[in-house]
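Visitor: how would this look folded up:
(one chain, ligands or ions: 1)
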Amino acid sequence: MSALGESFFRPRDLGEACARVADLVTRGVPHHVIAGGTDLVVESHLRPPSTVAPPATTLVDVSRVPELVEFAVRGDTIRLGGGVTFLTVRRAPALAPLRVLVEAGKDVGAIQIQARGTLAGNVVTASPAGDGVAALMALEAVVGLRSVRGERAVPLRDYYQGYKKTVRAADELVAWLDVRVPAADAFQSWRKVGTRLAQAISKVALAAVVERDGETIRRARFGMASVAPTTSPLAHVERFLEGRAARGLDLAGLDAAVDADVSPIDDVRSTAEYRRHVARALVREVARGLAPK
Ligand SMILES: Cc1cc2nc3c(=O)[nH]c(=O)nc-3n(C[C@H](O)[C@H](O)[C@H](O)COP(=O)(O)OP(=O)(O)OC[C@H]3O[C@@H](n4cnc5c(N)ncnc54)[C@H](O)[C@@H]3O)c2cc1C
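Guide: From the prediction side, this is the model:
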């Protein structure tokens, strides 16, 4: 472990990182794990000014932990280290089959943010507008949580429990994300609707991965951002589509399934009504893309 200051640690490997975090948790020392810092640093500057100095915060920098920045292809699963950046996802030929994640990665901030921002950071921040999270959900990601107590695997769909609430314990690091490689002929799509093309948080975003047997939809997985307290799968839409013919879908039924899955709100970026409208339109767009020409 290299200590670059009293309150900055850069562990050499995942075991050291877990041990450091466990020690800080046990002693009740205020601390943060930091990877790219693109959420954490912004958040720390957004705090309201105070006459009282903030408590010193210890940082555990995991950006150079080798196990976190690697990825491995294992048959029809790819294990992505939590520290893999969006730029790596965009550039690594071995990750090209994860088209929906590659496309989502291109829409995260701009190139500078993609070069620093990590998949684990996106997941842990738990923003309702997490672009990476939406794509990872469509790829059926499983989150690998590691601590000195051991390792457990949690489907990303079960990871969020409410606004900014997750199942991750304070001493757990996101070590990896396992994603299912879609069939080569799977339909994969990513659509982000926002105020601008770059550096914009979405009003609504949709990631879709759909596999078909001929004209029949075999498997449909979605992740939608900015329409609920957490980035979420679309369970009703998935059930509605699976087993149906892609041609001639009942679009009113599809809209009703979308309505059952989303609970948008009015905020500075958009209205609930507009978000609901766009959510339906994006899912219909996927349905159109599935139908044979
Ligand atoms: C200008 C700008 C534009 C942005 N645009 C977008 C966008 O379009 N779409 C989008 O989804 N996001 C966007 N973001 C948010 C951010 O870039 C992403 O969420 C990014 O993935 C965060 O990763 P990071 O490594 O920088 O996280 P950090 O800031 O380092 O950490 C974020 C959180 O994750 C925790 N953490 C990090 N790694 C681990 C780990 N391995 N285990 C446990 N906890 C960990 C940290 O403790 C912290 O709580 C933007 C941010 C900025 C500043």
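
Visitor: in the stretch 1-150 of the chain, which segments are predicted with low confidence?
Guide: Along the stretch 1-150 of the chain, the model assigns pLDDT under 70 to residues 1-6, 46-56.

Visitor: before we move on, which element is residue 189 in?
Guide: Assessed by DSSP states H and E, residue 189 sits inside strand 187-193.

Visitor: what comes up buried for the helix or strand following that strand?
Guide: Sequence-wise, the next helix or strand downstream of strand 187-193 (DSSP H and E) is strand 204-213. Across strand 204-213, burial judged by 16 or more other CB atoms under 10 Å covers 204-212. From N, CA and C alone the C-beta is placed, and that goes for glycine too.

Visitor: picking up where we left off before, for the strand holding residue 189, name the packing helices and strands.
Guide: Other helices and strands packing on strand 187-193, by 3 or more CB pairs under 8 Å, 6 or more residues apart in numbering; DSSP states H and E, are helix 99-106, helix 131-138, strand 204-213, helix 272-290.

Visitor: Quick one: check that strand for contact with the ligand.
Guide: No: Strand 187-193 is not in contact with the ligand by CB under 6 Å from any ligand atom; minimum separation 7.7 Å.

Visitor: Paired strands for that strand, with orientation please.
Guide: Strand pairing for strand 187-193, using DSSP bridges, gives strand 204-213 (antiparallel).

Visitor: any idea of the mean pLDDT in the partner strand?
Guide: Mean per-residue pLDDT for strand 204-213: 96.

Visitor: Secondary structure element for the residue of the stretch 101-250 of the chain found nearest the ligand, which one?
Guide: Nearest to the ligand in the stretch 101-250 of the chain, going by CB to the nearest ligand atom, is residue 121, at a distance of 2.1 Å. Per DSSP H and E, residue 121 falls inside helix 119-125.

Visitor: For that helix, name the packing helices and strands.
Guide: helix 131-138, strand 173-180.

Visitor: So which residues on the stretch 1-150 of the chain come close to the ligand?
Guide: Residues of the stretch 1-150 of the chain lying close to the ligand (CB under 6 Å from any ligand atom) are 32-40, 42, 62, 68, 82, 107-109, 113, 116-118, 120-122, 124-125, 130-132.

Visitor: rerun at 8 Å
Guide: The stretch 1-150 of the chain comes close to the ligand at residues 32-43, 62-63, 68, 82-83, 85-86, 107-110, 113, 116-125, 127, 129-133, as judged by CB under 8 Å from any ligand atom.

Visitor: give me phi/psi at the nearest residue to residue 155 once chain neighbours are set aside?
Guide: The shortest distance from residue 155 to any non-neighbouring residue, by CB to CB, 6 or more residues apart in numbering, is to residue 142 (5.4 Å). For residue 142, the backbone dihedrals (degrees, to the nearest 10) come out as phi -120, psi 130.

Visitor: Likewise for the one 4 residues further on?
Guide: Here the main-chain torsion angles of residue 146 (degrees, to the nearest 10) amount to phi -120, psi 140.

Visitor: what pairs with it across the strands?
Guide: residue 151, residue 173.

Visitor: Would you mind confirming that it is in contact with residue 19?
Guide: No: taking CB atoms under 8 Å as the definition, residue 146 is not a contact partner of residue 19, at 11.1 Å.

Visitor: Compare the two and say which one has the larger neighbour count.
Guide: residue 146 (22 against 16; other CB atoms under 10 Å).

Visitor: how much space between that one and residue 209?
Guide: Counting by CB to CB, to the nearest Å, the separation of residue 146 from residue 209 is 27 Å.

Visitor: now residue 128
Guide: Counting by CB to CB - residue 128 and residue 209 are separated by 21 Å.

Visitor: Equivalent analysis for residue 171, please.
Guide: To residue 209, residue 171 is 33 Å away according to CB to CB.

Visitor: go on, residue 273?
Guide: For residue 273, the distance to residue 209 (CB to CB) stands at 28 Å.
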